[in-house]
Each structure stands twice: as structure tokens, then as C-alpha cells.
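> Here is a sequence together with a model predicted from it:
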Amino acid sequence: MSTGHPWRRLLVGVCCALAVTAAAADGQPASPPVIALIIDDLGDRLDAGSRAIELPGQLTYAILPRTPYSRRLAELAHGAGKEVMLHQPMQAINGRAMGPGGMDMVMSQRALLDTLEANLASVPHARGVNNHMGSLLTRHPGHMGWLMAALRERGNLYFIDSTTTNKTVAQQIAVEHELPTMRRQVFLDHHREERQILKQFVRLLRLAHSNGYALGIGHPYPETLAVLQKVLPHLEGFGVRLVPASELITHKEKRREQLWHASLSPLPKGVKSLKR
């Protein structure tokens, strides 16, 4: 994709599409919708990780544990005022190698908790956890229960379900343990081509305008970083605000509470209920 006129035309098209979406939406809050963007899989490459951290705005960085640059990149992101997460490797259905610090189905509770502690120690300043792979482990309530209970006991962490399988129970178990949580809504770069990444970014923005918030995950691929470098400075024009993942969870909970209270409010005078 060219960085010249074709790219500018695409940005104009995005703005127009979002303006139509916003105008058609009912009951939107006065404040702009918020999005969070998590960049996964940092830790193995210093150059890609550093470039990702240099992107403008309050992105969140999910760092793989016990990797060559996990600690250095966590310190770099924290020093730049960005939010850090532990990107916890979990067993996948396809048997793909998890890398250091992985959690699998044969682990005892004690082994899983020891792994979690060691992984958190290798990623300083982690505010939350999300799963790396995990299409097998995240569907098992027992192991997810051990994990969420441990995160809840710490009292200062949240969990993001990366949603690598539609059979995941991770977010559900986190809710049962009263742990701050939500799930990924959009993968930016399942297809590593700039035009496709931009389309997914537009999808994220439309979800935010429809729901008041949206959560996306990307990776430090050159194509993803190139798109984000171009679109992030235009977020105000797109009518959204970029926040860390922790703030998005708080925003989601407040919005849900507001909608719940609104549903309980009496009807204005002169408005008849349709209920019989």
C-alpha cells in the first residue's frame, strides 16, 4: 500500500464511514467511545519490540515470559508510560510449542501456580495477563479456575481472554472469581497485508462506536506497525480515544452499570409502556 494519495483516500473513507455509523447509532454517550490495542508476542526480538513501544498513544504490550528481551522490553514500555501485560503461553489443540513458561493440561495446581509466579517475575510492571495460544487449556474450567483464583488473590491484576477458540471458558471463570476481565473482539493481523489490517482496524472503530468500547489485538509484524504508525495520530478524527487495557475494562464495567440503571429508570411522563 502506498503512503501517498491512495492511503490518504483510505483515511478519508474511514472517516466518512465512521461518521455514518456514529450518526445512525442511538443513545450514544456524550464522551467519545474508547478502544484498547494490545500488541502481543513481545520478548524474542528487541528491534520489533522497541519499534512497537515507540508507537504513539497508550497501547498495551503483552510480553512473553522468560524470553531474551522480556525484562528489557517491559522496563522500556513502563519507562515510556505504557501498560505492560504478561502474555502467558498456554497449550494449544495443535500441539504447537509454547516456549518458556507454558501451562498445559498435565500440570498440577502447584506447578501451574509456580509457573505463574516465575513468569510474572520475568515481566516486571505487569498489570494484567492474557493467553498466548491456549485453544486447549482455556476451555478447561479446572485449570482456568486455578489461574483466576491466583490472579484474584494478588488483588492488582486483570485477565484478557485472547479468544483463540470459541469454546473458551476463561472469561467466564474470571467473572466467577470477580476478576476484572474482558475478551478480545478483533484480531488486527490474522492476514498480514496492510489493506486487510486497515479493514480490521476500521471494524474495531465501528464496534467502539456501536458499543462504546472495543478491544483489539495485534502483533509486532512490520505490516501491523506500519498501519498503526499511520492511523494512530488520526484517532481524534475517528471519534475514539485510545486507553490502556486496564482503563478499558473499567470503562466497560461503568458503561454496563449505566445501561443497567437506565433500564430501571421510569419512563418519562407521557410515554406509555408497551408491556401489557
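Looks like it arrived, so ask away.

> From Ala150, how far out is Ala118?
Applying Cβ to Cβ, to the nearest Å, the value for Ala118 to Ala150 is 13 Å. In short, each C-beta sits where N, CA and C put it, glycine included.

> and the two? which has more neighbours close in?
Ala150 (19 against 13; other Cβ atoms under 10 Å).

> Model confidence score at that one, please.
Looking at Ala150, its pLDDT stands at 98.

> Dihedrals phi and psi, it?
Backbone geometry at Ala150, expressed as degrees, to the nearest 10, gives phi -70, psi -40.

> Enumerate every residue touching it.
For Ala150, the contact set (Cβ atoms under 8 Å, 6 or more residues apart in numbering) comprises 112-113, 116.

> Return the subset of those residues lying in helices.
112-113, 116 (DSSP state H).

> Please identify which of those residues is nearest to Ile38.
Closest approach to Ile38 among these (Cβ to Cβ): Leu116, at 19.0 Å.

> so how far is Phe187 from the closest one?
For Leu116, the distance to Phe187 equals 25 Å [Cβ to Cβ].

> what are the ranges of the strands in the protein?
Per DSSP state E, the chain carries strands over the ranges 34-42, 60-63, 83-90, 126-133, 158-161, 181-183, 186-187, 213-218, 241-242.

> so can I have JSON lines of the ones you listed showing mean neighbour count?
Putting those into JSON lines (neighbours: other Cβ atoms under 10 Å) gives the following:
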{"stretch": "strand 34-42", "mean neighbour count": "26"}
{"stretch": "strand 60-63", "mean neighbour count": "29"}
{"stretch": "strand 83-90", "mean neighbour count": "26"}
{"stretch": "strand 126-133", "mean neighbour count": "24"}
{"stretch": "strand 158-161", "mean neighbour count": "25"}
{"stretch": "strand 181-183", "mean neighbour count": "20"}
{"stretch": "strand 186-187", "mean neighbour count": "20"}
{"stretch": "strand 213-218", "mean neighbour count": "24"}
{"stretch": "strand 241-242", "mean neighbour count": "18"}
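
> Make a markdown table out of the ones you listed and add mean pLDDT.
Shown next, in a markdown table, are the strands of the chain (pLDDT from 0 to 100):
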| stretch | mean pLDDT |
| --- | --- |
| strand 34-42 | 98 |
| strand 60-63 | 98 |
| strand 83-90 | 98 |
| strand 126-133 | 98 |
| strand 158-161 | 98 |
| strand 181-183 | 97 |
| strand 186-187 | 98 |
| strand 213-218 | 98 |
| strand 241-242 | 98 |
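
> Adding distance to Leu228, write these out as TSV.
As requested, the strands of the chain are exported to TSV (distance: least, Cβ to Cβ, whole Å):
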stretch	distance to Leu228
strand 34-42	7
strand 60-63	13
strand 83-90	16
strand 126-133	18
strand 158-161	18
strand 181-183	21
strand 186-187	13
strand 213-218	7
strand 241-242	10
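
> Counting neighbours, which of the ones in helices among the contacts of Ala150 comes out on top?
Neighbour-wise, these (other Cβ under 10 Å) top out at Leu116, 21 neighbours.

> wait, that residue sits on His143?
No - the criterion here is Cβ atoms under 8 Å, and Leu116 misses it with His143 at 11.2 Å.

> shared neighbours of these two, anything?
Met103.

> If we ignore the residues flanking it in sequence, what's nearest Pro124?
Spatial nearest neighbour of Pro124, excluding adjacent residues (Cβ to Cβ, 6 or more residues apart in numbering): Ala74 at 5.0 Å.

> Let me see the contact set for that neighbour.
Contacts of Ala74 (Cβ under 8 Å, 6+ apart): 61, 63, 84, 123-126.

> what does Ala80 give?
53-54.

> Can you read off the backbone torsions of it?
The phi and psi torsions at Ala80 (degrees, to the nearest 10) take the values phi -90, psi 0.

> do the same with Met105
phi -70, psi -20.
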